[in-house]
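Q: need a 3D model of the following:
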Amino acid sequence: MASQETVEEERDRSSRVRTAKDLALALWFPAFLVLGFMLFYLLPFHAPAPHGIAVGVVGQDGAAAVSQQLGQAVPGGFDVHPLASADDIRGQVFDRTVSAGYDPSSHTLFVAKADGMQLSQVLQAVFSPLSSATGAPLTVVDLAPTAPGDGFGTALFYIAMAWNISGYIAVMMMVQAVTLSRRTKLLALVGFGASAAVVCWLFSMSIDAIPAHPGLLLVGFLLSQAVAWTSFGLAPFVRRALPGVAMGLFLLLSIPSSGGAIPKEMVPGFFQVLHHVMPLGQAIDAARGILYFDGTAVTVPVLGLLAWWAFGVVLVALGVWKERRAAARAETEQGGTEAEVDGGPVPDEHRIAEAMADEAAVGGAYQGAYQDALRESRLLTQPVPTLIGRVVDTAGDPVPRARVTVVDGAGAQVDVASGSEDGRFAVRGRDGEWITVLVAAAGHDPVSQRLRLHGPVSHRSVVLGGGEQRGEPVAVWDGAPRRSGATVSAGSTQF
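A: Down below sits the predicted model:
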């Protein structure tokens, strides 16, 4: 009796630990976003104010006087640069050396609305009292007006956001497509990025939100690839933390520092530094230069976007190397032997067939066209490990529509799926933990197998005996018997 109570207490304790762990895994991401929005949105945006806005002022004496007045009115808000003449103002603004220019002799303020209407309004509000003190009204000249349909000067921000966020979302959807090869996924990201660039460009021009300049297509494509390839490359290394890492980089850090919603000159210095590092800020700078500033100061941000893309390529290459190294180590631990079918090595076609799952199992339809890509590439590391395989009878024939259920050590159901007509199935497990796989089909004895998954994708096939058979279930790989109840590694066929 006491022993039974102890077992029940242990089971209850295990269940509570599992519940707490599952809740933590389910809620860490929304908790991360709550804290992130407070620190990276509310903090820099709750009271935007000038922070080191570069302004060119004509004449040494005029610059000294204006610098003193601005320093008293807005301490630390402006950085005054003396200019030789008013003719130099446009060149300095278009070279992005200064954000605005002021000529004390004519009481004229030169601004660029393309840098953000809020910045223009702040500059006018600050310089109007300086001009009024001399008894003359302030004259404002807009050197870079925005397109007719961009009244607030924020259209580029929302266009760039579409490229930025869609690149990340595309990756999050791709990592769930277990039937697609790495090559197919990367080519899809390239094609999607090109399509998104064209769609946003055409739509924006149709409503006069931007000038009709094809150079914006390049910026959009580079931004989407910088975000997508970096996110894709991070997946094998950060695994379940991918949503937090990617959104932390390309949402929480990128948007406040982009200079799109709030001009970068009006956020704290930390975000001004990030503006020149994060791809969204680089894309907005490049787009503004192309559309409104005669193509000046475009080279550096474009090179920055290329650098992010190259970084993503390096991460992808490292992920491939890491995966191949793990597969080689697993093969060595298994004695260097290959799984066999009918006494010979398993051909690639058999491995590919096992990697395919029907639409009912994983939400994606089987496509024979993917086989060539799968033959040359391994599946992308998944945040949640996947178990795929086939259910066959003792004669080696597939058992259609078998029901496959996965439960954890505490008896809680993890996943359930129905097999395809040719016996294939795909279910989710728990990384590094023991699970029990239950397989049942009409006219066959159900079987139960206990195993542990390691890695993104593991393979296991099951033999179902007829109603007259009893005994220990046998795990197989395409007909080759394996011992039951063992650790399963990614890419491994030894059980």
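
Q: which residue is the nearest non-sequential neighbour of F127?
A: The shortest distance from F127 to any non-neighbouring residue, by C-beta to C-beta, 6 or more residues apart in numbering, is to L109 (4.9 Å). Backbone N, C-alpha and C define where each C-beta goes, glycine included.

Q: and the one you found, what pLDDT?
A: With respect to pLDDT, L109 scores 96.

Q: tell me what it is bridged to.
A: Per DSSP bridges, the residues bridged to L109 are Y102, V140.

Q: looking at it, it is touching Y102, isn't it?
A: Yes - between L109 and Y102 there is a contact under C-beta atoms under 8 Å: 5.3 Å.

Q: identify the contacts common to these two.
A: F127 (C-beta atoms under 8 Å, 6 or more residues apart in numbering).

Q: ok, the residue nearest to F127 - how many residues close by?
A: Residues contacting L109 under the criterion other C-beta atoms under 10 Å number 24.

Q: ok, it - contacts?
A: L109 is in contact with 100-102, 123-124, 127, 131, 138-141, counting by C-beta under 8 Å, 6+ apart.

Q: one more pass at 7 Å, please.
A: L109 sits next to 100, 102, 123-124, 127, 138, 140 when contact means C-beta atoms under 7 Å, 6 or more residues apart in numbering.

Q: look up phi and psi at V392.
A: The phi/psi pair for V392 (degrees, to the nearest 10) reads phi -130, psi 170.

Q: repeat for A410
A: Dihedral angles for A410 - degrees, to the nearest 10 - are phi -90, psi 0.

Q: hang on, it packs against R16?
A: No - using C-beta atoms under 7 Å, A410 is not in contact with R16, being 9.2 Å away.

Q: hmm, which of the contacts of L109 are the buried ones?
A: Burial by neighbour count, judged by 16 or more other C-beta atoms under 10 Å, picks out 100, 102, 123, 127, 138 from those.

Q: inside helices: which ones of the residues you listed?
A: Counted as lying in helices by DSSP state H, out of the buried ones among the contacts of L109, are 123, 127.

Q: next, count neighbours for the closest residue to F311 other than its chain neighbours.
A: Spatial nearest neighbour of F311, chain neighbours left out: T230 (5.9 Å); criterion: C-beta to C-beta, 6+ apart. Look at T230: counted by other C-beta under 10 Å, it has 26 neighbours.

Q: got any ranges where this protein has weak pLDDT?
A: Counting by pLDDT under 70, the chain has low-confidence residues at 1-5, 7, 178-179, 327, 330-385, 455-456, 467-495.

Q: any idea how far the residue minimising distance to the centre of it is from L315?
A: The chain has Y168 as the residue nearest its centroid, 3.2 Å off, counting by C-alpha atoms, centre = their mean. Distance of Y168 to L315, given as C-beta to C-beta, to the nearest Å: 14 Å.

Q: repeat for S195
A: 24 Å.

Q: repeat for G432
A: For G432 relative to L315 (C-beta to C-beta), the value is 23 Å.

Q: does the most far-flung residue of the chain relative to its centre sit in a helix, a strand or a coil?
A: What lies farthest from the middle of the chain is G135; by C-alpha atoms, centre = their mean that is 55.4 Å. Of the three states, G135 takes coil under DSSP: H, G, I helix; E, B strand; the rest coil.

Q: quick check: it vs A86, distance?
A: 20 Å.

Q: next: R13.
A: 79 Å.

Q: now stretch 163-176 - C-alpha only, PDB.
A: Taking C-alpha atoms only, stretch 163-176 is exported to PDB below (Å, rounded to 0.1, in the frame of the first residue of the first chain):
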ATOM      1  CA  TRP A 163       9.900  42.900 -46.700                       C
ATOM      2  CA  ASN A 164      11.500  42.700 -43.300                       C
ATOM      3  CA  ILE A 165       8.700  40.800 -41.400                       C
ATOM      4  CA  SER A 166       7.700  38.600 -44.400                       C
ATOM      5  CA  GLY A 167      11.300  37.300 -44.700                       C
ATOM      6  CA  TYR A 168      11.200  36.100 -41.100                       C
ATOM      7  CA  ILE A 169       7.700  34.700 -41.300                       C
ATOM      8  CA  ALA A 170       8.600  32.800 -44.500                       C
ATOM      9  CA  VAL A 171      11.400  31.100 -42.600                       C
ATOM     10  CA  MET A 172       9.200  30.200 -39.700                       C
ATOM     11  CA  MET A 173       6.800  28.500 -42.100                       C
ATOM     12  CA  MET A 174       9.600  26.800 -44.100                       C
ATOM     13  CA  VAL A 175      11.100  25.100 -41.000                       C
ATOM     14  CA  GLN A 176       7.800  23.300 -40.500                       C
END
